[in-house]
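sequence? don't have it. structure:
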């Protein structure tokens, strides 16, 4: 089946009653509204950042220009010019990538590969490979995952995982290992044992992170067809969060697992497939081995099913196979490596701290998220969430914002650091932005010709500027 035939099949299925988003009515928003929202949001985010810096001077903390979680000082190298050139060339090529003549099976790997290369040069903007290798350091070199890997290597995987909640977690010295399930260190150790602690491992991690473009495409495809999916994939590929933290954080790998699992479940709802629902549940169960955020996607899947599936029997047909798949994954992990999700979660360390009041982060947290989504993409996503109401995007984003406003002793979120820990939300957000962008194309000939190139360029160049002004990985 060709891309065009797939899109027509999607339209036929939706006409038969599978209404996963609010379809546009006879009157779309006027063409001027889209750039107006993008401009107002961009100015508003910049003003909030300037106000934060002014208010911040009376507070002695590590980071000098909140809400962005990074040391504020400008640094530039010739790699930055390569990053700028790469973003512009990629933006100019995006119309060809959106062409139906290019099969989706080629579009996705091309987009992921280009995003991986761009991420390398964006991270090298400051001229140091430290940005690429920081998370791969070993004991005695840093305070990240590798600081505690000796414990795992001495006792072995099964004994370490089984005894982690009560015996080994208290021995962990890094924040990452104290706040994640034991599988995070196990996966990290596998990566460095397989690829080393150099650039091979960094490239592998980045390639895994860029699979979020697949999740974004699938979410967009379900919401509006292949073109919406492709636009969503392009937007998430150049989101500052994706480009900046593909190489430099394990959160990129977690984001791929979480977003793909959520997208697979939404696709299962669309196709009414118990098999896909079971696979999505199994994937989320396995993902709980490396990140507790899997529970948030589980809740989002449940709420999405209840809100957008009217038939109680259909709800059960979707949720029961997913629950069975998740339970099977947890049993498999318990039998093979001794992982006890509930014991691990009950002893997790919650270490977030901020001298600023929670009232500040009620605005600061969404501001950080929107900045790292790219202000143009963020503006479109806000329009798409209002006009098209993509279910899982709304549930995931609203749920995360509520979660972020809970006391830090409960959530363990480091204020401001959600730019990387919320990377898994970006594909859902990009899908909403893609819906709005395709609607914008329908009311503006200029956008149909140049819009996608401009939006992609704004996202990529924003990432370069953030990296130049903020040392986000110190």
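Thanks, I have the structure now. The structure presented is a predicted model; accordingly, all values stated were derived computationally and were not measured.

show me where the chain has strands.
Applying DSSP state E to the chain gives strands spanning 71-72, 470-471.

out of those strands, which comes closest to residue 302?
Residue 302 lies closest to strand 470-471 among the strands of the chain, at 37.0 Å (Cβ to Cβ). For every residue, glycine as well, the C-beta is placed using N, CA and C.

who does the closest one touch, helix- and strand-wise?
Using 3 or more Cβ pairs under 8 Å, 6 or more residues apart in numbering; DSSP states H and E, the elements in contact with strand 470-471 are strand 71-72.

parallel or antiparallel, list what pairs with the strand it packs on.
strand 470-471 (antiparallel) (DSSP bridges).

okay, now the domains of this protein?
30-135+201-471, 138-196 (automatic domain parsing).

can I get these in TSV including mean neighbour count and mean pLDDT?
Rendered in TSV, the data for the domains of the chain read as follows (neighbours: other Cβ atoms under 10 Å; pLDDT from 0 to 100):
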stretch	mean neighbour count	mean pLDDT
domain 30-135+201-471	20	90
domain 138-196	18	88
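
hmm, back to that, which one of the strands of the chain lies closest to residue 89?
strand 470-471 (24.8 Å).

now do that closest one: everything it contacts.
With Cβ atoms under 8 Å, 6 or more residues apart in numbering as the test, strand 470-471 has contacts from 65, 68, 70-73, 75, 126.

between those, which is closest to residue 82?
Nearest member of the contacts of strand 470-471 to residue 82, counting by Cβ to Cβ, is residue 126, at 13.1 Å.

the stretch 51-200 of the chain: helices as residue ranges?
78-97, 104-123, 130-133, 149-155, 157-163, 175-179, 182-195, 199-209 (DSSP state H, counting those that start in this stretch).

again, but for the stretch 251-400 of the chain
So, for the stretch 251-400 of the chain - with DSSP H, counting those that start in this stretch - the helices run 251-271, 274-287, 294-308, 312-337, 341-346, 358-373, 375-387, 391-404.

about what we covered before: out of the helices of the stretch 51-200 of the chain, nearest to residue 410?
Of the helices of the stretch 51-200 of the chain, nearest to residue 410 by Cβ to Cβ is helix 175-179, at 12.9 Å.

list the helices and strands that closest one packs on?
By 3+ Cβ pairs under 8 Å, 6+ apart, helix 175-179 packs against helix 182-195.

my guess is residue 183 contacts residue 289. True?
Yes - applying Cβ atoms under 8 Å, one finds residue 183 in contact with residue 289, separated by 3.3 Å.

residue 274 is nearest to which of the strands of the chain?
Across those, closest to residue 274 is strand 470-471 (Cβ to Cβ), at 46.3 Å.

how far does the closest one sit from its chain's centre?
Relative to its parent chain, strand 470-471 has a centroid offset of 20 Å by Cα atoms, centre = their mean, to the nearest Å.

can I get the helices of the stretch 251-400 of the chain in a markdown table including distance to residue 95?
Formatted as a markdown table, these follow (distance: least, Cβ to Cβ, whole Å):
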| stretch | distance to residue 95 |
| --- | --- |
| helix 251-271 | 25 |
| helix 274-287 | 32 |
| helix 294-308 | 33 |
| helix 312-337 | 37 |
| helix 341-346 | 46 |
| helix 358-373 | 22 |
| helix 375-387 | 17 |
| helix 391-404 | 25 |
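
residue 241 is nearest to which of those?
The nearest among the helices of the stretch 251-400 of the chain, by Cβ to Cβ, is helix 358-373 at 3.9 Å.

who are the packing partners of that closest one?
helix 33-56, helix 240-245, helix 375-387, helix 391-404, helix 418-421, helix 426-443, helix 445-469.

could you redo those helices as a markdown table and give each row distance to residue 229?
Shown next, in a markdown table, are the helices and strands packed on helix 358-373 (distance: least, Cβ to Cβ, whole Å):
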| stretch | distance to residue 229 |
| --- | --- |
| helix 33-56 | 20 |
| helix 240-245 | 16 |
| helix 375-387 | 14 |
| helix 391-404 | 14 |
| helix 418-421 | 25 |
| helix 426-443 | 7 |
| helix 445-469 | 13 |
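
between the ones you listed, which gets nearest to residue 285?
Among these, helix 391-404 sits nearest to residue 285 (Cβ to Cβ), with 18.5 Å.

by contact count, what packs against the closest one?
helix 251-271, helix 294-308, helix 358-373, helix 375-387, helix 426-443.

relative to residue 472, which of those helices is closest?
helix 358-373 (9.4 Å).

the closest one vs helix 445-469, what angle?
For helix 358-373 against helix 445-469, the angle by axes from the mean of the first three to the mean of the last three Cα atoms, to 10 degrees is 120 degrees.

what's helix 358-373 in contact with?
41, 45, 48-49, 52, 66-69, 239-241, 244, 354, 356, 378, 381, 401, 404-405, 407, 415-416, 418-419, 422, 425-426, 429-430, 462, 466.

out of the contacts of strand 470-471, which is nearest to residue 34?
residue 68 (25.8 Å).

so what's the closest one up against?
So residue 68 contacts 49, 368, 371, 416, 419, 466, 470, 472 (Cβ under 8 Å, 6+ apart).

out of the residues you listed, the closest to residue 135 would be?
residue 472 (12.7 Å).

I figured the closest one hits residue 69, correct?
Yes - assessed by Cβ under 8 Å, residue 472 is found in contact with residue 69 at 6.8 Å.
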